[in-house]
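Asker: Starting from these lines, generate the structure:
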Amino acid sequence: MKLAAWVSVQKAWSNLSVREKSLTSWAATLLGAAVLWTWGLAPAMKIQHADPAIGAALQAQTQALQQLQVQAQALQKTPRTNALDAGRVLQSSAVQLLGSTARLSAEGQRATLTLSSASAESLAEFLNQARLNAQALPIEAHLQKIAPPQGTAPAPLWRGVVIFSLPGG
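Answerer: Okay, the predicted model is just below:
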C-alpha cells in the first residue's frame, strides 16, 4: 500500500513542469519553515524574552547540572576502597567534623552514625566527606530536628541515626 502511494507520488511529480516543481518545492520549504517556527522556535523564544528571570534560572540550573556531572565523573575515576578503610575514614571524619555530638560504629559492609545534637552544617560536611573520601552511601536515615539549648545560636540541631553502605561489597 505504501509502495503504491509512493509510486503514484513519483508519477505525479514527474508529470509536473519545471515551473510547477519549483513552486511546489518553495511551498514545501515555506510550510516546513512555518511549522518549525510555530512549534519549535517561537515558544522557546517567547519564554526567553517574556521573563529574563526565567532565562537566568534556567542558566543557573544548567550550570548546577554541569557541576554535578563533573563531580560524578570525578567520583567514577576514584579508585574503590575497601570497607575497612572506608570505616576508618568515616571514623576520623566523624571525630573531626561532628566531635562529641556523634558516635560511629562500623560492622561489615554497614556503618551506623548516631547523632545527639549535630549542627546542619557539620552534618552536611560529614555526609559530603563520607561520599567523597570513604565512598560510603547513606541508605537509611532517621533524623529529628531539635531546638538548640537556650542562650546558644538559633540554628537548629539534629539527632538520630544514619546508616551507611560501605564500599567493597
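Asker: make it CA atoms for all contacts and neighbour counts henceforth
Answerer: Noted.
Asker: number of nearby residues for Gln61?
Answerer: Neighbour count of Gln61, defined by other CA atoms under 10 Å: 12.
Asker: ditto for Ala102
Answerer: 20.
Asker: Also Gln91?
Answerer: 21.
Asker: Adjust the sequence numbering to begin at 867 for everything that follows.
Answerer: In the new numbering, first residue 867, that becomes Gln957.
Asker: just so I have it, where are all the strands in the protein?
Answerer: With strands called from DSSP state E, the chain shows them at 968-973, 976-985, 1003-1012, 1023-1031.
Asker: what's next to the worst-scoring helix or strand of the chain on mean pLDDT, contact-wise?
Answerer: When the helices and strands of the chain are compared on mean pLDDT, DSSP states H and E, helix 908-916 comes out lowest with a mean of 78. Here helix 908-916 makes contact (CA atoms under 8 Å, 6 or more residues apart in numbering) with 920-921.
Asker: redo that, cut-off 10 Å
Answerer: 902-903, 920-922, 924 (CA atoms under 10 Å, 6 or more residues apart in numbering).
Asker: will you turn those residues into a markdown table that also has pLDDT, distance to Ala930 and neighbour count?
Answerer: As requested, the contacts of helix 908-916 are exported to a markdown table (pLDDT from 0 to 100; distance: CA to CA, whole Å; neighbours: other CA atoms under 10 Å):
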| residue | pLDDT | distance to Ala930 | neighbour count |
| --- | --- | --- | --- |
| Leu902 | 89 | 30 | 12 |
| Trp903 | 88 | 30 | 14 |
| Ile920 | 78 | 15 | 13 |
| Gly921 | 76 | 14 | 14 |
| Ala922 | 83 | 12 | 12 |
| Leu924 | 84 | 10 | 13 |
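Asker: Dump the least confident helix or strand of the chain to CSV, keeping only the CA atoms.
Answerer: Output in CSV follows, covering the C-alpha atoms of helix 908-916 (Å, rounded to 0.1, in the frame of the first residue of the first chain):
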residue,chain,number,x,y,z
ALA,A,908,8.7,30.6,18.8
PRO,A,909,7.7,29.0,22.1
ALA,A,910,11.3,28.9,23.3
MET,A,911,12.0,32.5,22.3
LYS,A,912,8.7,33.6,23.9
ILE,A,913,9.8,32.1,27.2
GLN,A,914,13.2,33.6,27.0
HIS,A,915,12.0,37.1,26.2
ALA,A,916,9.0,37.1,28.4
